[in-house]
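In: let me see the structure of the following:
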Amino acid sequence: MKTILAAAGLSMLAFSAQAATTTIDFESFATGTTIAGTDLGGLTLATGFVTSGPNGTKAILPTGSDYTQKYRADFSATDVTAFSVDMGDYGQDADTLFLFAYDSLGNELDSATGTLGAGVSGMMTLNVSSLSNIAYVIFFGEGFNTQNNVYADNLSFTTTPAVPLPAGLVLMGSALAGFGLIRRKG
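Out: Numbers count the residues shown, from 1 in each chain. From the prediction side, this is the model:
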């Protein structure tokens, strides 16, 4: 019995999906670089240019001078199950931060919010996750005149490949064979 359980456990480990996390910071980009439409290694932002952020490193702001555009990141990577972003500003006003995750049909999968009070200069991390594939995220802050006047940095996403069907069949077959052996011995 112990041998069968050990074999089943090992086969589950052999076929388990391995998660991988990718983090994009903007230190390697020159200040002023427009990154809108650029594949950043698994995700593409619809808006943004690189500047100095409130955490002392480089960050992005929305493209344009009115800051009404929300950040949108579309994933070319598959099996995205989690996303996080650092957002913040220099503290001249209070900011409410928002992060939404969507599937490919536009259904909301998860959301997160946070608040940076007036006088708080720095960044806050927001996280979303889903058992379903995240196709894109939208994130932004509302503060002065409800504009998206917040910086974003350290965009991280996690991919967790699904266990392929043949591996699932092997697991199920191993379990059924194990139950058959137990029944014969019993």
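
In: all helices for the chain, in order.
Out: 2-15, 165-185 (DSSP state H).

In: what about Ala82, distance to Asn154?
Out: 14 Å (Cβ to Cβ, to the nearest Å). Where you see a C-beta, it was placed from the backbone N, CA and C, and this is true even at glycine.

In: returning to what we had before: which stretch in the helices of the chain is the model least sure about?
Out: Among those, helix 2-15 has the lowest mean pLDDT, at a mean of 46.

In: which stretches of this structure have low pLDDT?
Out: Within the chain, the ranges that satisfy pLDDT under 70 run 1-17, 65-66, 144-147, 163-173, 175-186.

In: ok, 50 please
Out: Applying pLDDT under 50 to the chain flags the ranges 1-15.

In: and the strands in it?
Out: All strands of the chain, identified by DSSP state E, fall at 20-24, 43-45, 49-52, 58-61, 71-75, 80-89, 95-102, 108-116, 122-129, 136-142, 151-159.

In: output the contacting helices and strands for the fourth one.
Out: If contacts are counted by 3 or more Cβ pairs under 8 Å, 6 or more residues apart in numbering; DSSP states H and E, strand 58-61 sits against strand 49-52, strand 151-159.

In: Ala118 and Ala94 touch, don't they?
Out: Yes - look at Ala118 against Ala94 with Cβ atoms under 8 Å: they come within range, at 4.5 Å.

In: higher neighbour count, those two?
Out: Ala94 (16 against 10; other Cβ atoms under 10 Å).

In: who's in contact with the nearest residue to Ala46 once chain neighbours are set aside?
Out: Spatial nearest neighbour of Ala46, excluding adjacent residues (Cβ to Cβ, 6 or more residues apart in numbering): Arg72 at 4.1 Å. Going by Cβ atoms under 8 Å, 6 or more residues apart in numbering, Arg72 touches 45-47, 136-138.

In: what is the nearest of those to Asp110?
Out: Val137 (9.3 Å; Cβ to Cβ).

In: please report the distance of the closest one from Leu155.
Out: Using Cβ to Cβ, Val137 is found at 9 Å from Leu155.

In: which one of the two has more residues nearby?
Out: A direct count of neighbours by other Cβ under 10 Å for Val137 and Leu155 places Val137 higher, at 26 against 23.

In: right, and the more buried one touches Leu99 too?
Out: Yes - the pair Val137 / Leu99 is scored as a contact, 6.4 Å apart, by Cβ under 8 Å.

In: in CSV, list the contacts of Arg72 along with distance to Thr57.
Out: Formatted as CSV, those follow (distance: Cβ to Cβ, whole Å):
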residue, distance to Thr57
Leu45, 17
Ala46, 22
Thr47, 20
Tyr136, 25
Val137, 21
Ile138, 23
